[in-house]
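Peer 1: task: produce atomic coordinates for the following.
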Amino acid sequence: MIALLAEAPDRQLDLVREMAAYISPRPGFTQHPLTVHAAAEMIDLVERALHFRGVMPSSAAVMHPQRAIEHAVVDGPLAVTLLLQKHFAHK
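Peer 2: Residues are numbered from 1 along each chain as shown. The predicted structure follows:
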């Protein structure tokens, strides 16, 4: 989901934020824990995606592909996905 949002247009990110606000409990109503958690997760996904917009680990450009993947595993699954996409896009 983070990878999709990282490539999404700004309007799509705005829609996610609007949806999170829409499902958030209104003042005077019962705050259901799952709804509060879902809204927070939606905002968190957008914020995490913003970190990856147009970002490619610089170390990947100079490392052997296997070493770059091992290095990216430390950074997380999204970094591995991005490296694999870059690697196979050039073949």
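
Peer 1: give me the neighbour count for residue 3.
Peer 2: Per other C-beta atoms under 10 Å, the neighbour tally for residue 3 reads 14. Placement of C-beta: from N, CA and C, glycine included.

Peer 1: could you report the separation of it from residue 42?
Peer 2: 16 Å (C-beta to C-beta, to the nearest Å).

Peer 1: relative to residue 24, how far out is residue 13?
Peer 2: Taken as C-beta to C-beta, the span from residue 13 to residue 24 is 17 Å.

Peer 1: again, but for residue 30
Peer 2: Taking C-beta to C-beta, one finds residue 30 at 12 Å from residue 24.

Peer 1: which of these two has more residues huddled nearby?
Peer 2: Legend: neighbour count by other C-beta under 10 Å for residue 30 and residue 24, higher for residue 24 (16 against 7).

Peer 1: within the helices and strands, which one has residue 38?
Peer 2: helix 33-52 (DSSP states H and E).

Peer 1: quick one: buried residues of that helix?
Peer 2: 39, 42, 45, 46, 49, 52 (16 or more other C-beta atoms under 10 Å).

Peer 1: average pLDDT for it?
Peer 2: When pLDDT is averaged over helix 33-52, the result is 92.
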